[in-house]
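**Q** give me a model of this one.
(one chain, ligands or ions: 2)
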Amino acid sequence: MEEKRKVKRDEVNPMGYYESEHTKNVRDWKEVFDFLIKDPTFLPASPELEDDEMRTLSNQWPENPPQFREVCQEYARELEKLGYKLLELIALSLGLPSNRFNGYFEDQLSRMRLNHYPPCPCPELALGVGRHKDAGALTIVTQDDVGGLQVKRKSDGVWVPVKPTSNALVINVGDIIQVWSNDAYESVEHRVVVNSERERFSIPIFFFPSHYVMVKPLEELVNEGNPPKYKPYNFGKFIAARNRSNFKKLEVQNIQISDFKII
Ligand SMILES: O=C(O)CCC(=O)C(=O)O
Ligand SMILES: [Fe+2]
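**A** Ligands and ions are numbered 1, 2, ... in the order given. Okay, here's the model as predicted:
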């Protein structure tokens, strides 16, 4: 606990350890450790568009266990390679050059998260992570054999368990691929349920572009017959708005890509 406290994240540095994240303003039943793939990196200090102050984001590593940092970084490097590979395949599937997305990640805000969901005495009253869609381009999740991740089936709204399969990874399309592809791809709504018996561990890596990227439907994919379905939004400002809402319960729901939808 002492080690965790030393690397606790706060409103200035959102990297490190945290035990009370909120999803849509409700506290999640979990503890997390977040670190950046590119360290340090930069993010707008506030979500206000007229405020151009920047903030440096940097990792906080515990001293113990001593090999923790190296193991995390090595794992992240391998998953990063896989993420780029998948982004290349998604680009090809949309009829784009394989490297079409690469430029967006030069100063990437991608991060890896170590999730620990402790057993919960009243699992029917809590969620490990409340229902949400991932805000980044792509997420790759490693999960143990406990289970708890569920995706919402669009046809009937039923929550379907994502069964743990050993040596398999879960790939989630995030909101940005949805916007870039002008809805050809759709991000999936998911959540994590907890149980009273066993703790669960999972390790997602979230592929986030650079803070200055304006996220919008790709020009090659829109035309008169298929006009853009979203207004451009600045990714850094979007994340700054999300970070703010993770630290306090706000009156309003946090920012969503639907806020940029052209109807
Ligand atoms: O724990 C999991 O399997 C997924 C967690 C998740 O959806 C998230 O952190 O965004
Ligand atoms: Fe997620």
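**Q** only C-alpha atoms from now on, for both contacts and neighbour counts.
**A** Noted.
**Q** relative to residue 192, how far out is residue 207?
**A** Distance, residue 207 to residue 192, by CA to CA, to the nearest Å: 20 Å.
**Q** more neighbours, the two?
**A** Higher neighbour count among residue 207 and residue 192: residue 207, with 26 against 21, using other CA atoms under 10 Å.
**Q** what pLDDT does the more buried one get?
**A** Looking at residue 207, its pLDDT is 98.
**Q** so it sits against residue 138, correct?
**A** Yes. Counting by CA atoms under 8 Å, residue 207 does reach residue 138; the two are 5.3 Å apart.
**Q** need the overlap of contacts for these two.
**A** residue 83 (CA atoms under 8 Å, 6 or more residues apart in numbering).
**Q** and the residue of the stretch 51-200 of the chain nearest ligand 1?
**A** As assessed by CA to the nearest ligand atom, ligand 1 sits closest to residue 149 within the stretch 51-200 of the chain, at 4.8 Å.
**Q** ok, that residue - contacts?
**A** 161-163, 190-193.
**Q** pull the distance from the helix or strand containing residue 241 to the chain's centre.
**A** Following DSSP states H and E, one finds residue 241 within helix 235-247. When distances are taken as CA atoms, centre = their mean, to the nearest Å, helix 235-247 is centred 12 Å away from the chain's centroid.
**Q** show me what that helix is in contact with.
**A** With CA under 8 Å, 6+ apart as the criterion, helix 235-247 contacts 11, 14, 21-23, 25, 43-49, 209-215, 254-255.
**Q** quick check: mean pLDDT of it?
**A** Average pLDDT, helix 235-247: 84.
**Q** would you mark the buried spots in it?
**A** When burial is assessed from 16 or more other CA atoms under 10 Å, helix 235-247 yields the following buried residues: 235-246.
**Q** where does the stretch 101-250 of the chain dip in pLDDT?
**A** Counting by pLDDT under 70, the ranges of the stretch 101-250 of the chain that qualify are 245-250.
**Q** can you give me the strands in it?
**A** Assigned by DSSP state E, counting those that start in this stretch, the strands in the stretch 101-250 of the chain fall at 111-117, 129-132, 138-143, 149-152, 159-161, 170-173, 190-192, 200-207, 214-215, 233-234.
**Q** how about TSV for those, with distance to residue 80 added?
**A** Shown next, in TSV, are the strands of the stretch 101-250 of the chain (distance: least, CA to CA, whole Å):
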stretch	distance to residue 80
strand 111-117	10
strand 129-132	23
strand 138-143	9
strand 149-152	22
strand 159-161	26
strand 170-173	13
strand 190-192	22
strand 200-207	8
strand 214-215	21
strand 233-234	23
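**Q** so who does residue 28 touch?
**A** With CA under 8 Å, 6+ apart, residue 28 has these contacts: 20-22, 126-130.
**Q** of these, which is the most crowded?
**A** residue 128 (27 neighbours).
**Q** the helix or strand hosting residue 72 - contacts with which helices or strands?
**A** Secondary-structure element containing residue 72, defined by DSSP H and E: helix 68-93. Under the contact criterion of 3 or more CA pairs under 8 Å, 6 or more residues apart in numbering; DSSP states H and E, helix 68-93 touches strand 138-143, strand 200-207.
**Q** neighbouring strands for the first one, and are they parallel or not?
**A** Which is strand 138-143. If you go by DSSP bridges, strand 138-143 pairs up with strand 170-173 (antiparallel), strand 200-207 (antiparallel).
**Q** closest point of the stretch 151-263 of the chain to ligand 1, which residue?
**A** Closest residue of the stretch 151-263 of the chain to ligand 1, CA to the nearest ligand atom: residue 202 (4.8 Å).
**Q** the residue sitting nearest the centre point of the chain pairs with what?
**A** Among the residues of the chain, the one closest to the centroid is residue 206, at 4.3 Å (CA atoms, centre = their mean). Using DSSP bridges, the bridge partners assigned to residue 206 are residue 111, residue 139.
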